[in-house]
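> Sequence and predicted structure, then a few things I'm wondering about:
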Amino acid sequence: MKAAILNGPGPLVIENVHLDAIEAGEVLVKIHSCGVCHSDLGVIQRATEPLDTPIVLGHEAAGTIESIGENVTNVQPGDHVIIAFAPSCGRCYYCVRGMENLCDQRDYPDRSGSGPRPRRTMTNGTPVMQGVGVGGFAEYTIMPEYGVIKIREDAPLNIVCLLGCGVTTGIGAAINTAKVEPGSSVAVIGLGGVGLGIVQGAKLAGASEIIAIDLVEEKLQIAPKFGATKIINATKVDAVESVRDITSDRLDYAFEAIGLSKTVEQAFAMIRKGGTAVAVGVNRENISIPGNDFLREKKLIGSFYGSASVHADIPKLVDLYMSGKILLDEMVSRRRPLAEINEAFDDMKAVQVIRTIIDY
Ligand SMILES: [Zn+2]
Ligand SMILES: [Zn+2]
């Protein structure tokens, strides 16, 4: 099969790769479409550090089941599936307590979040890692049975693949992690796929004020379509002061969807006493906040994969999309073939797109 391979710093290379045979409990997925998520770019940009390469990135994928291994009961060949990048086993400490997004199965030992062992090799025999447990920038991937979620067949795979990561992360951060209440006020910093998901989640939850904050005017202009009631261009005004003005210093929830300490600190600064700031963006920095604010009962919480129980939540989100209650098509800025994967990352670096989808 063809796969986009990351060998270290530098562009991805399309190569022919040999995929292993599936084993018991595994499924072979023919990938139909895969979104290009910002955290893939993060792995590429960290590729100067020691990293398990070669590796196939891509983790926002949907496709069809090509074949199943022994003992697989939840899916059949031909089923339409969304791939969960953080699959849940249903049996570990966290899964049985309803925290499937924190499943112990996903704590893979290596830094790149690859699957537990390589299931594909280069033509010269070098093992190829499965990035973020998915390896979606390839024509096929092998997943554990619990890593695929069967969805209804009338849902377009080239759109609902977005539910594999960004949109589920965003909507879930608002609904599951923060539990935004009807009538509340919400600010969202960063309007990528995750941030616009948070805007939609806040709208679904019944927030009355949803303030969208970004540096890019084009992203701000589309935010009202997703539910934003106000927009703030942080290149022109101070975001914290503006939000305090708009809400009379009564902001209930602030979400950070970029992954920078500075913006997490801004989110924490803009909430009211007793309010909640949620760090959603992938962040590897230290964060500095005034300890005194804890005496005001301000809360800073983390969110991973929208605190989702993916096997329950993703089919629900597909239904919400099919009934027009959440928007996905509007998030797709561009479609490209796998051969243009590097151009897709260039678009992202130039902040020209919300989401590019690779179609196979
Ligand atoms: Zn992602
Ligand atoms: Zn588990």
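Ah, there it is. Ligands and ions are numbered 1, 2, ... in the order given.
> use CA for all of it now, contacts and neighbours both
Will do.
> surely residue 336 meets residue 345?
No. Residue 336 is beyond contact range of residue 345, at 11.0 Å (criterion: CA atoms under 8 Å).
> And these two? Which one has more around it.
residue 345 (21 against 15; other CA atoms under 10 Å).
> Tell me the first helix or strand C-terminal of the helix or strand hosting the more buried one.
Assigned by DSSP states H and E, residue 345 belongs to helix 341-349. Counting by DSSP H and E, the next helix or strand C-terminal to helix 341-349 is strand 355-359.
> can you tell if that following strand touches ligand 1?
No. Strand 355-359 lies out of reach of ligand 1 by CA under 5 Å from the ion, never closer than 10.7 Å.
> residues in contact with the residue lying closest to residue 175 once chain neighbours are set aside?
With CA to CA, 6 or more residues apart in numbering as the criterion, residue 175 has its nearest non-adjacent residue at 6.0 Å, and that residue is residue 201. Counting by CA atoms under 8 Å, 6 or more residues apart in numbering, residue 201 touches 170, 171, 172, 173, 174, 175.
> So which of those residues are in helices?
Mapping those onto helices (DSSP state H) picks out 170, 171, 172.
> Now do the second one against ligand 2, distance only.
According to CA to the ion, to the nearest Å, residue 171 stands 22 Å off from ligand 2.
> quick one: the helix-or-strand element of the chain with minimal mean pLDDT to strand 355-359, angle?
In the chain, the helix or strand scored least confidently by mean pLDDT, DSSP states H and E is helix 38-45, which has a mean of 84. Counting by axes from the mean of the first three to the mean of the last three CA atoms, to 10 degrees, helix 38-45 lies at 80 degrees to strand 355-359.
> mind saving the C-alpha coords of helix 38-45 as PDB?
Presented in PDB, the C-alpha positions along helix 38-45 are these (Å, rounded to 0.1, in the frame of the first residue of the first chain):
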ATOM      1  CA  HIS A  38      -2.500  20.200  14.000                       C
ATOM      2  CA  SER A  39      -1.100  17.700  16.300                       C
ATOM      3  CA  ASP A  40       0.400  15.800  13.300                       C
ATOM      4  CA  LEU A  41       2.200  19.000  12.500                       C
ATOM      5  CA  GLY A  42       3.400  19.000  16.100                       C
ATOM      6  CA  VAL A  43       5.000  15.600  15.700                       C
ATOM      7  CA  ILE A  44       6.700  16.700  12.400                       C
ATOM      8  CA  GLN A  45       8.000  19.800  14.100                       C
END
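> quick check: angle from it to helix 341-349?
If you take the same axes, to 10 degrees, helix 38-45 sits at 110 degrees to helix 341-349.
> buried residues in helix 38-45?
Residues of helix 38-45 classed as buried: 38, 39, 40, 41, 43, 44 (neighbour count, 16 or more other CA atoms under 10 Å).
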